[in-house]
Structures are given as structure tokens and as C-alpha cells.
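Peer 1: Coordinates for the following, if possible.
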Amino acid sequence: MGIALIGNSIVGREWAQLTVGNHTSRLAIEPGEDLASSVSPSGARSALTAPSFSVILHGMNHICENVHNCEKHEGVEADAVDILVIGGGVNGLAIAREAQVRGWSSAVVDAEDFGAGTSGASSRMVHGGIRYLENLEFHLVRESLKERERLLYTAPHLVKPFALLIPFYRHNKRHALTLRLGMILYDLLSFDKSTPLHKEFSKKQVEQAYPGLERKDLSGAALYYDAQAANTERLCIEQAIDIFGLGGSVHNHCRVTSLHSTETGVEITLRDTLSGRMITQHAGVVVNAAGPWVDLVLGLSPAVSPRLIGGTKGSHFTVGPFPGAPETGVHFEAASDGRAILILPLPGGNLLVGATDLFFDGDPGAAVMSDAEITYLINEVNQLIPEAHLTTADVLHSVSGVRPLPYTPKARSAAQVSRSHHLVPHPTAKNLFSITGGKLTTHRALGEMVISQLEKLARRPKAQNLIASPRTLVRRATSTRRLKLPGARCVDWPEFERLFLSSTSLPVSTARRLLGLYGVRATKVENLAKSNDEWARPLPGNPDSVSAEVIFAIRDEFALTLTDIVARRLLLSWNNDAGLDSITHVAELASAEFGWSDERTEHELNDYRTWIQLRRPAAYENLFTDPTA
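Peer 2: Residues are numbered from 1 along each chain as shown. All right, here's what the predicted structure looks like:
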């Protein structure tokens, strides 16, 4: 099935004719709504910036529904691409984005949604990996620090400088002198950074600045800077938007069912999990970036492959403000086993605590934070901050994900397994590659590495100076290193932020929320809110939100289910109510936009309730029992 878009203008009004298979629709575009434009701080539009395609996606929602109804479970054939990436996490999306920028035609498929796996269960830190110095992985630390700096430039609305304190205690396995030398080396490896150098504190200074910390055996501390991406899922969504805007294809809720090598590449069979349709896709190269599901995907090929992933489970929980809670992050050593633990203040006032690091061989999709993990972290926080007195009743919700680390059977502990990323060719299946390792901070570098290696292996398509696509026609960039994400495409982010806050008709708290989630694209959400009184209202239980965000998620951000909207577009699942106060109203808005039946709407509500239970929210404490107990 092909998709075609023809653009034109009639009497000052632009239109786009969209064809999906045998179904065609003409979509009206308001004058000046350039298919490759964004807003500058002054309100002017400039070329070569964030794609504007809400009208196209809005039309596709209705056309694709017709296609689903007509074709039912009949197979369709998608247009061939140079590279197909399996896995819509932050790493898979980075590979496709890099490929598209460098002249490849790309497609990304994910069995669930973008950022639905490990990417959405991280510590939400963009960091150099100070503890990797202990494993002498200097190259990884340097690469991570460079990528941290790039993200502060390319995504300033999502990635912010973040201070962390490392307290020095006599019971630490790592001596204070070792930690001080580590801080100096960390600064040296980040010689080109924009964040401040580390500072050393005496015991007295620590006691004054962090009065809640345990004073016994405390000898001092060091304060250093990394960065926080509190809305990590949005890094995934904006990469998907960029891939689409550059001419690539992105498909969530599309599961791979088979892989077969051919003379010209790889043939992939996919199943649309929402409609049941089967799709055949041919790609010159397939990169398996399915994270902890890499081996499962390899098992779909008749060609046998050795085990590649030896995942470790990392779990975190959130709590509200508590006595003695720090105002900055705290990176401390667990008294019981010496493991590094983080206490991380989040923008809304809650704190994220984690992470555990345990070998894990189960289903990554069923990873849940166990009672033992919660108790372990609570005990460590209470030892560090005696007046906290945290109990399991204070836990608001938890997240647990499986890190896609390389299979290392000789590793004595999970901490010994390298976080470096690698492109692994299949031993017998030509043009099939897999990714092992990787972390949030280095996702862009991973994408660059993958495409560079594939080019050296003569997998590069014929180079072109221009990328022509249904969405945009832009001169091709040479790298993603300085390519801003769609929400950051303005001349001066601080100035845009200032002007938006001073000119918006929205409440300041709402405007700040929109800036933090959407960046410069917040103007589009505001315009939607202005266009419809119902969309201007806040969502129940979320006074800083606007209902227009739901419409925006559907029309501009590939959201196809209620969970897509609540969990990974609006991030309401991180609220104290776990999004439960809002879901009925969100479902009503989505139902009107999608044309869902009452039965489908109820199904979506039940799906979200089932999904959120894996996070063990306090709001559901009476409905959930620990499956790992």
C-alpha cells in the first residue's frame, strides 16, 4: 500500500491531496501553514524548522480507519526503504533520524509505542556516567559528556542542567580521596562543557546546605553537574516527529512477525496490532534495536543467532516531599552493598529514587518493581536522611525497565556489565544487524555510529543533495550533532520562553507546562485551545493542563491509544493520581476525534488501568498485589 501527497494552492488557500491505498482525501491547510515551518520568538515563521503536519495526520486518522475497515485482515505491501529499524525507543529512533538526515529512506516500527519500553523507565538523567570511571571506561564517559552537552543545545526545553551532591562517608567502599580524584577527572573529560566545574564542601558546609543528611561519619562532599530529562518520553516523541518531517516513516503498534533475508535485503512481515492487518515491508538493511527484546526479534528469523542480551532490571519509585529532602540531586553509596543510588527532585515537587540493578531473564514487558526493591531503597534513603522516615505507604508509583546490556555470563554483578553500545551483524543472515548496550544519554551518538558503520559496509544508498518527501523539501544536513529537535527550533530558546510567557493568554502555570513538554510547539497547542472552548478547559485533576493537548497528541504526535496519550504524550501517569482522574475525560475527547465506539472507548479505559497497575500506583493499591512476591 502506497501513500502519496500532492500539494497545491487555490485562491490563497493551500490544500494537500492525501492518498492511502485506494482512499483519497483533500485536506485544507490554512494560508501560511508551511509544511516545514516553526515559530521564532517573535512569532515569525522560518524555513528548515519543525514540521507542521497536524492537518495531514488528522486526515490520515480518518482515511486509515476506512482502510482498516475495508481491508480487514488482508495483507498489504508497504513501499521499500533503505533501512528499517525495529524498536521505537530512544536508540532506535536515533538510528532512523540519523539515517534520514544522511540520505537514507527509513522506517521505524514498534510493537507498542514510542518510548514505551526501557526509554520510559530510566533515571531520567542525561549524564556522563561518573561511575563508569571505576570500570576504566574513559571513552564512554567522554562520549557521554559530549552528548550531554549536545542535548543541552539541541533540546533545551527537555534537557536541563542538574546539580548532584556526592557525600563522603567513612563507611563508603570508595574512599573520599578516590571520589575527589574522580571529580577532577570528570571535569577534565568534560573540558568543553557549559555547566559549572565541581565544588568541594567541608563537613560543616554540607551540614549547612543539606541539614537532613546523616552527620555521623560524614567528612565532606562534592557538588557536580549533569543534566536531567524529566520528560524522557518526549525525547522519543520529538525524534519520531522529526523522522516523519524529514520524509521517513514511523509506525507504532506494529509488531514484527517474521524476518527473511533476500538477495536485495530483508523482507519483514508486520502485524498492525490495532487492526490485525498484515503488512509486508522490504528493506535494504534491518537494524534490530528492540532493546531487551533483541533476542526475541532475532528468533523470528529462520537463521539461528547466539544470545546477545543479558538484561538487568532497573527500578525506581517516586515519593512526595519529605522531611530532610534535598533541593538538589544526591548521588550516594548504599550503606548495605555500596551500590550507587540517586535521589532526584522532579519539576513537579516529587522525588525519584533509584535505581536497582538486578540480572533479569523474564519478559521485559512484565518487569515490575518488587517489594524487596522498594524496601531496599527505602531503607537506604532512611539511613542517609534519618528524619525522612519513609515507608512503603509513601511510595506514589514505580517504574521498572530492563536495560539491553550485552550478554556477559562471566560478570559477577550487574554493575560490571559495560553500558557501551555495539552494532552486531547477524552471523548468517545478510543485512540484519542488532544493537546491544546503549543508554539514554548516548542515543544520538549510537545512531551516528550505526549509520557510519553501515556506510563503510557499502550499505549506503545513492547520495542525494535534497530530501524530497510528502511533508517537506529541505536541503540535507550532514549530521544530527547540531540539529535541534522540533520543540527547540528557534534562534534563542530563553528568549522564546520569555516572550511566550509574557504574551500568552494561558495561565502562567499552564504555559510553563506546555513549554516543558512541547517547546516552541506550545504555540500550536495554545492555538488549538483558542479554537474551541471545550479544548481550552483543563483536564480533571490537572489544573495546569489543557484539553487541547489531547487533540494535539492525536493530530500531531502519532498517539493511537488512550495509553499513548496519557502516558507518553501528556505524561499524566507521573502525577500523584497516576492519570486516573483524567482518563475518562481524555477518552471522551479521543473518542470524538477518532470516532471510537462506546465499546472501543471502554476497552481503551480498561487497557490503561491494566497498564498503570504495573507501576504499582498508590491510587490502585487495593487492586494490585506484588506478582514477584
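Peer 1: do you know how far the nearest residue to Asp217 once chain neighbours are set aside is from Lys216?
Peer 2: Excluding the flanking residues, the one nearest Asp217 by CB to CB, 6 or more residues apart in numbering is Arg170, at 4.1 Å. To be clear about C-beta, it is placed using only N, CA and C from the backbone, and glycine gets the same treatment. Distance of Arg170 to Lys216, given as CB to CB, to the nearest Å: 9 Å.
Peer 1: try Phe332
Peer 2: Taking CB to CB, one finds Phe332 at 14 Å from Lys216.
Peer 1: Give me the more crowded residue out of those two.
Peer 2: Using other CB atoms under 10 Å as the criterion, Phe332 and Lys216 rank with Phe332 on top: 26 against 8.
Peer 1: Retrieve the pLDDT associated with that one.
Peer 2: Reported pLDDT at Phe332 in the predicted model: 97.
Peer 1: and Val424, how far is that from Ile83?
Peer 2: 16 Å.
Peer 1: Give me the number of neighbouring residues for Val508.
Peer 2: Neighbour tally, Val508, other CB under 10 Å: 11.
Peer 1: where do the contact lists of Arg170 and Lys216 overlap?
Peer 2: Both Arg170 and Lys216 lack any common contact, where contact means CB atoms under 8 Å, 6 or more residues apart in numbering.
Peer 1: in which helix or strand would I find Met183?
Peer 2: helix 176-189 (DSSP states H and E).
Peer 1: going on from that helix, what's the next piece of helix or strand?
Peer 2: strand 199-202.
Peer 1: Pull up the pairing partners for that next one, direction included.
Peer 2: Neighbouring strands of strand 199-202 in its sheet, by DSSP bridges, are strand 218-228 (antiparallel).
Peer 1: which residues of the chain score low on pLDDT?
Peer 2: Scanning the chain for pLDDT under 70 picks out the ranges 1-74, 416, 458-477, 621-629.
Peer 1: Now with 80, please.
Peer 2: 1-75, 135, 409-419, 458-478, 619-629 (pLDDT under 80).
Peer 1: Look up how far Val381 lies from the residue nearest to Lys439 when sequence neighbours are not counted.
Peer 2: Nearest non-adjacent residue to Lys439, counting by CB to CB, 6+ apart: Arg419, 5.2 Å away. In this view, Arg419 and Val381 are 24 Å apart by CB to CB.
Peer 1: out of these two, which sits in the busier spot?
Peer 2: Neighbour comparison, Arg419 and Val381: the larger count goes to Val381, with 25 against 19 (by other CB under 10 Å).
Peer 1: what bridges to Pro345?
Peer 2: The partner residues for Pro345, given DSSP bridges, come to Leu351.
Peer 1: unless I'm mixing things up, it is touching Val330, no?
Peer 2: No: taking contacts as CB atoms under 8 Å, Pro345 lies outside contact range of Val330: 9.3 Å.
Peer 1: Which one's more surrounded, these two?
Peer 2: Set side by side, Pro345 and Val330 show more neighbours around Val330, with 26 against 20, by other CB under 10 Å.
Peer 1: Which helix or strand contains the more buried one?
Peer 2: Per DSSP H and E, Val330 falls inside strand 329-333.
Peer 1: Report the strands that pair with that strand, each with its relative direction.
Peer 2: Partners of strand 329-333 in its sheet, by DSSP bridges: strand 160-169 (parallel), strand 340-345 (antiparallel).
Peer 1: how big is the angle separating the first one from helix 176-189?
Peer 2: Using axes from the mean of the first three to the mean of the last three CA atoms, to 10 degrees, one finds that strand 160-169 and helix 176-189 are set 160 degrees apart in direction.
Peer 1: From here on, call the first residue 366.
Peer 2: Noted, 366 is the first residue going forward, which turns the last one into strand 525-534.
Peer 1: Convert the C-alpha atoms of strand 525-534 to PDB, please.
Peer 2: The C-alpha trace of strand 525-534 is given here as PDB (Å, rounded to 0.1, in the frame of the first residue of the first chain):
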ATOM      1  CA  LYS A 525      18.200  20.900  31.800                       C
ATOM      2  CA  PRO A 526      21.500  21.300  33.900                       C
ATOM      3  CA  PHE A 527      21.100  19.400  37.100                       C
ATOM      4  CA  ALA A 528      23.200  19.500  40.300                       C
ATOM      5  CA  LEU A 529      24.000  16.400  42.300                       C
ATOM      6  CA  LEU A 530      25.800  16.100  45.700                       C
ATOM      7  CA  ILE A 531      28.100  13.100  46.500                       C
ATOM      8  CA  PRO A 532      28.500  12.900  50.200                       C
ATOM      9  CA  PHE A 533      31.700  11.400  51.600                       C
ATOM     10  CA  TYR A 534      31.200   8.900  54.400                       C
END
